[in-house]
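Chemist: have a look; sequence and predicted model below, questions after that.
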Amino acid sequence: MILQSEPRPRVGIVGTGGISRSHARGWRALHADIHVFSSQGAEDFAAQFAPVTIHDSFESLLGAVDVIDVCTPTPSHPEYVHAALDHGTHVLCEKPLALSSGEAARMAEHAREAGLLLFPAHVVRFFPQYEALRRAVDSGRLGELAVLRFERSGSMPVQPWFADESVSGGIIMDQMIHDIDQALWLAGEVTSVFATQNISSGDQSVRAAHVILTHTNGALTFCRGLWGAKGTVFHYSFDVAGSSGKLTYDSAKNTGIEFDAVASSSESKSYLPSVAGMRDPYGAEIEDFWNCVKQASVGNPGPTPRVNGSDATRAIAVAEAARESIRTGERIVL
């Protein structure tokens, strides 16, 4: 929330594809002055979110704003992030941060050396269902984690570049990266990865992937991702079990988050807060980024954000291992 006495954020959004709309609504909620640079679609974007200032170059954009929000296709993320950091500007960047963990690590290191904030947009950390799951894990409500299951499905995005795995990283790097990030956020580091993928022979946009992660603490994570036929309704769910109970959520149901205590537990079956009337997670993500920026200065990146460059790098490394497992048919040891 922006108080009347505070300056309005001046944000430069790079790229006007589908995800930029979600970001723009979050910035509008903060009463931001929105500037945009894009190789195409800037006029339509500006008309939808007016008033918006259009720039004809990235350099012009950099000179007019306080922060940069990168919403371009993944291969161009490093170019824009490095340029913004060189300019002394804090950056919010869509996931995945880069197509390789090596490049992501270089981006994160650049931000650390510059004393600037690089905030990867892992928005699922801001969905209230997953926030509640994290609180349950942190409080010990589930005990020692044993098995984590995550599912996510929908249609492949319509932009053609998503179908080219050399550009998008495919379903694992683009879609399942959210659930890989959740697994690392909740259960910690991973020692091995095994993955499979099936692509429809009749429709190359239809594909499913399964990934099994073995964590250092012995927990197992099972991720399933689906890009279904055109019109497939977006759906996500999780089922996380530990020594003291299990927490489940399914977006296709109206039951909210459900907790099942283990049979041997004598604790009362208290319930987690209702998530009805969910707040916009993109808005929450952007507000967290801006709050960190407000408290930062050059040479001091400010308070710890919910997600950082190291988090994004680890998730990409696991996604890389999953893609290598698919290529070789082997379990990949990290």
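Modeler: Received, thanks.
Chemist: what lines up beside the helix or strand harbouring Val240 in the sheet?
Modeler: Val240 is part of strand 235-242 when elements are defined by DSSP states H and E. Strand pairing for strand 235-242, using DSSP bridges, gives strand 145-155 (antiparallel), strand 245-250 (antiparallel).
Chemist: by contact count, what packs against the lowest-mean-pLDDT helix or strand in the chain?
Modeler: Between all helices and strands in the chain, the lowest mean by mean pLDDT, DSSP states H and E belongs to strand 258-261, at a mean of 77. When contacts are defined as 3 or more C-beta pairs under 8 Å, 6 or more residues apart in numbering; DSSP states H and E, strand 258-261 packs onto strand 245-250. Yep, even glycine has a C-beta here, placed from its N, CA and C like the rest.
Chemist: for the strand it packs on, the averaged confidence score.
Modeler: Averaging pLDDT along strand 245-250 yields 96.
Chemist: identify whichever of the strands paired with strand 235-242 lies nearest to Thr304.
Modeler: Closest approach to Thr304 among these (C-beta to C-beta): strand 145-155, 22.8 Å.
Chemist: so how far is the closest one from its chain's centroid?
Modeler: Centre-to-centre, strand 145-155 and its host chain are 15 Å apart (C-alpha atoms, centre = their mean, to the nearest Å).
Chemist: list the buried residues of it.
Modeler: 145-146, 148-155 (16 or more other C-beta atoms under 10 Å).
Chemist: now the phi/psi pair for the residue sitting nearest the centre point of the chain, please.
Modeler: The chain has His122 as the residue nearest its centroid, 1.8 Å off, counting by C-alpha atoms, centre = their mean. His122 has phi and psi values of phi -90, psi 80 when expressed as degrees, to the nearest 10.
Chemist: next one: it from Ser39, what distance?
Modeler: Separation of His122 from Ser39 (C-beta to C-beta, to the nearest Å): 25 Å.
Chemist: can you check His55 too?
Modeler: To Ser39, His55 is 12 Å away according to C-beta to C-beta.
Chemist: run through who's touching the next helix or strand after the least confident helix or strand of the chain.
Modeler: Later in the chain than strand 258-261, the nearest helix or strand by DSSP H and E is helix 281-294. Among residues not part of helix 281-294, those counted as contacts by C-beta atoms under 8 Å, 6 or more residues apart in numbering are 1, 6, 9, 22-23, 25-27, 29-30, 66-67, 69, 90, 92, 117, 119, 121, 123-128, 301-303, 305-306.
Chemist: which among those count as buried?
Modeler: Here, 16+ other C-beta under 10 Å leaves 9, 22-23, 26-27, 29-30, 66-67, 69, 90, 92, 117, 119, 121, 123-128, 301-302, 305-306 buried among the contacts of helix 281-294.
Chemist: so of the residues you listed, which ones are in helices?
Modeler: 22-23, 26-27, 29, 128 (DSSP state H).
Chemist: the strands in the protein, which residues?
Modeler: 10-14, 33-37, 52-54, 67-70, 90-94, 118-121, 145-155, 190-199, 207-215, 220-228, 235-242, 245-250, 258-261, 332-333 (DSSP state E).
Chemist: report the mean per-residue pLDDT for the shortest one.
Modeler: Looking at strand 332-333 alone, the average pLDDT works out to 98.
Chemist: name the helices or strands packed onto it?
Modeler: Secondary elements touching strand 332-333 (3+ C-beta pairs under 8 Å, 6+ apart): strand 190-199, helix 309-328.
Chemist: just the CA atoms of stretch 204-212, as PDB, please.
Modeler: The C-alpha coordinates for stretch 204-212 follow below in PDB (Å, rounded to 0.1, in the frame of the first residue of the first chain):
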ATOM      1  CA  GLN A 204       3.000 -31.200 -30.100                       C
ATOM      2  CA  SER A 205       1.500 -28.600 -27.700                       C
ATOM      3  CA  VAL A 206       0.100 -31.400 -25.500                       C
ATOM      4  CA  ARG A 207       2.700 -32.800 -23.200                       C
ATOM      5  CA  ALA A 208       3.100 -34.100 -19.600                       C
ATOM      6  CA  ALA A 209       6.100 -34.400 -17.400                       C
ATOM      7  CA  HIS A 210       6.800 -36.200 -14.200                       C
ATOM      8  CA  VAL A 211       9.700 -35.400 -11.900                       C
ATOM      9  CA  ILE A 212      10.900 -37.200  -8.700                       C
END
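Chemist: what's in contact with it?
Modeler: Contacts of stretch 204-212 (C-beta under 8 Å, 6+ apart): 155-156, 163, 170-172, 176, 180, 193-200, 220-230, 322, 325-326.
Chemist: what's the end-to-end length of stretch 52-60?
Modeler: 14 Å (C-alpha to C-alpha, to the nearest Å).
Chemist: returning to that earlier point: of all the strands paired with strand 235-242, which one is nearest Thr214?
Modeler: In this view, these are compared for proximity to Thr214 by C-beta to C-beta, and strand 145-155 is the closest at 11.4 Å.
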